[in-house]
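> the sequence isn't on hand, but the structure is:
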């Protein structure tokens, strides 16, 4: 196996932890000795063993003199509230000769320090193999680590003519079963799913992971006037204690009382001056709550606000081959007057899923990965 | 070569006449003797030799006892105003033993008669090889022959959020160069291009074929109140005598006088009762003018009318990966209230061209090919 093949295998191992490691990154590890893979491992879940330790402990022979491959810089001792001993110590103690790394760790407490420590101990370092792929693999982690603000992914299911619902507000099942399954896979990879209260009222969605195996995300409702029906599924099902409502400062204790039996968290934030919640404040607060990634599932006004305020990182359009004519538009007023001002997506990818087109892009791809060193 | 490979080669030959044979179909022909191709031909242009005659005349040896492959039933003598002698006569005279045909000719004057004549002369007939592909190859011809109404193809270039122009009406160059080249290829295959007067006023388009080799289509403007600027490119360039304006019955001779120097045809048709032209009347008249296919290029109101009145056959969305927010929508009010009423496209195909998604579908694919026999 070439170096590239080995690192791709590392990515494959890392992905086994998808949805389980957050707010930690997905990390895989392979150990090579005499051109043979002697150990493999990955970070299985938040708080669990790091990939390097798992690979060392799974190794079938001594790892002394071996080469270790990992997609992310091994962790160093300075991380606050660290749940596990630093991987750098263990790599040095085990007398591993060389470490091949795709990208440095954007965590400001690591950010090159892990590599420095290994180098000082005389271990050869090769940094930069498949960096782009490694960064994209952990795009949510990179964003959150560098900014403290969650990675925001807008997921829009619409008709060809850009409608997310009929004029009567009906939107569920616009997309095909395969596309819906993909959405469930996406949900399982995000810390939280966010919707506006109008979507809760119109669709009464569960926003859980049902069609695939995976953990349910937290559920967030943006509800300036606190209109979420207390009987909504999202407040009543077996996961209701994972639901968070954001509402305005003007809401009284009395108004909040209708949710007293619901075991739901209610946060009050400021207004954006136009009758809606201040999204920046919402995102900052979610970051403080250690929610590192959010999948935004609607509706149109919510999508429009995230786009207009440039607060999204990624956007996915699932486009069904049907026409609705009038109805609720996916994206409304953005204040754009000329084609030159049109919002061009970055790093666009196209896929075809069943009878759906999937178009994905980023607001500003490179900005996600601008850490200080590397 | 298998029978299927031979027929695919026939289609390939037929396509060499794309854009040149209308209102005739594209037809290719191969002649086989002793398992060898001895002659090939295709219908090169309207009024020119039919494919069968071209193949017979190109044959390097005698065609007596040979097998002839063609995508369309050979023509019989009863077609009015026939420009060429019937192919059936020539096939019989040349003592060809067998004819393999993909589909019968929907022309009501042929429609199985060609096959009957050949059978009566003792020629073996094999009908039905790759019928679907052969029908799609000549979809415009099938529609026009069976209904007398042109095949109508809506071509919509839009942003991801379903806008064909900014709020200021600017729309040109939303799509990439490759997509624009594809549009020029499309134009060369249609008898006419149709736009609404608002598009002429906003964009002053040429609607000619420039980026590829091919003939320019006729240009049709729907202009109820006769507002087309006499100085518009479409009325002034070197092809201006190919332009047709449809306007309302209320327009006076005096109002039409401003185009007197323009050598442009103006037809007056009825209203649809809502201040717009009666599209059915427009299409019937175009059919009588022997225009068998139309590419509709905008704007939003025109697209919406064709969809709402179920008067289109095919629709192509070129979707650019950008967002415009408010602006001019591709499809407006269709009177749809529930998802069950949503307009589902038929026989949908997806392609990716550069940084564009292309989604194509039909209003009712099978209805295009419902001829009486076959």
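Great, that's in hand. Predicted, not measured: the structure shown is a model, and the values here were computed from it. Numbers count the residues shown, from 1 in each chain, chains lettered A, B, ... in the order given.
> and the helices in the stretch 101-250 of chain A?
With helices called from DSSP state H, counting those that start in this stretch, the stretch 101-250 of chain A shows them at A:113-120, A:131-137, A:139-147, A:177-188, A:197-203, A:233-236.
> those into TSV, with extra columns for distance to chain B, mean pLDDT and mean neighbour count?
Where C-beta positions appear, they are placed from N, C-alpha and C, glycine not excepted. Formatted as TSV, the helices of the stretch 101-250 of chain A follow (distance: least, C-beta to the nearest C-beta, whole Å; pLDDT from 0 to 100; neighbours: other C-beta atoms under 10 Å in any protein chain shown):
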stretch	distance to chain B	mean pLDDT	mean neighbour count
helix A:113-120	37	96	19
helix A:131-137	17	96	19
helix A:139-147	18	95	22
helix A:177-188	13	89	18
helix A:197-203	12	92	21
helix A:233-236	20	91	20
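> JSON lines for those, including distance to residue A:13?
Converted to JSON lines, these look like this (distance: least, C-beta to C-beta, whole Å):
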{"stretch": "helix A:113-120", "distance to residue A:13": "19"}
{"stretch": "helix A:131-137", "distance to residue A:13": "11"}
{"stretch": "helix A:139-147", "distance to residue A:13": "16"}
{"stretch": "helix A:177-188", "distance to residue A:13": "18"}
{"stretch": "helix A:197-203", "distance to residue A:13": "37"}
{"stretch": "helix A:233-236", "distance to residue A:13": "35"}
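> closest to residue B:64 out of these?
Closest to residue B:64 of the helices of the stretch 101-250 of chain A, according to C-beta to C-beta: helix A:177-188, at 56.1 Å.
> contacting residues for the one residue in the stretch 151-300 of chain A that gets nearest to chain B?
Of all residues in the stretch 151-300 of chain A, residue A:162 sits closest to chain B, at 2.3 Å by C-beta to the nearest C-beta. Listed by C-beta atoms under 8 Å, 6 or more residues apart in numbering or on different chains, the contact set of residue A:162 reads A:329, A:330, A:331, B:158, B:160, B:161, B:162, B:163, B:329, B:330.
> do residue A:50 as well
A:27, A:43, A:74, A:75, A:84, A:87.
> can you check residue A:299 too?
Residues in contact with residue A:299, defined by C-beta under 8 Å, 6+ apart, are A:164, A:165, A:171, A:195, A:196, A:198, A:199, A:202, A:328.
> how close does the closest residue to it other than its chain neighbours sit to residue A:241?
Nearest non-adjacent residue to residue A:299, counting by C-beta to C-beta, 6 or more residues apart in numbering or on different chains: residue A:199, 4.5 Å away. Note on residue A:199: its distance to residue A:241, by C-beta to C-beta, to the nearest Å, is 21 Å.
> and the host helix or strand of residue A:254, how far out from the chain's middle?
Residue A:254 belongs to helix A:253-256 when assigned by DSSP states H and E. In terms of C-alpha atoms, centre = their mean, to the nearest Å, the gap separating the centre of helix A:253-256 from the centre of its chain is 33 Å.
> what's it packed up against?
The helices and strands touching helix A:253-256, judged by 3 or more C-beta pairs under 8 Å, 6 or more residues apart in numbering or on different chains; DSSP states H and E, number zero.
> let me know the average pLDDT across that helix.
When pLDDT is averaged over helix A:253-256, the result is 94.
> in the helix or strand following it, what counts as buried?
Of the helices and strands lying after helix A:253-256 in sequence (DSSP H and E), the nearest is strand A:265-269. Neighbour counts over strand A:265-269 (16 or more other C-beta atoms under 10 Å in any protein chain shown) mark A:266, A:269 as buried.
> can you tell me the SS state at residue A:41?
At residue A:41 the chain is in strand, as set by DSSP: H, G, I helix; E, B strand; the rest coil.
> looks like it contacts residue A:68 (just checking).
No - assessed by C-beta atoms under 8 Å, residue A:41 is found out of contact with residue A:68, at 10.3 Å.
> which residues are in contact with each of the two?
In contact with both residue A:41 and residue A:68: A:29, A:52, A:55, using C-beta under 8 Å, 6+ apart.
> count of neighbours near the first one?
Residue neighbour count, defined by other C-beta atoms under 10 Å in any protein chain shown, stands at 28 for residue A:29.
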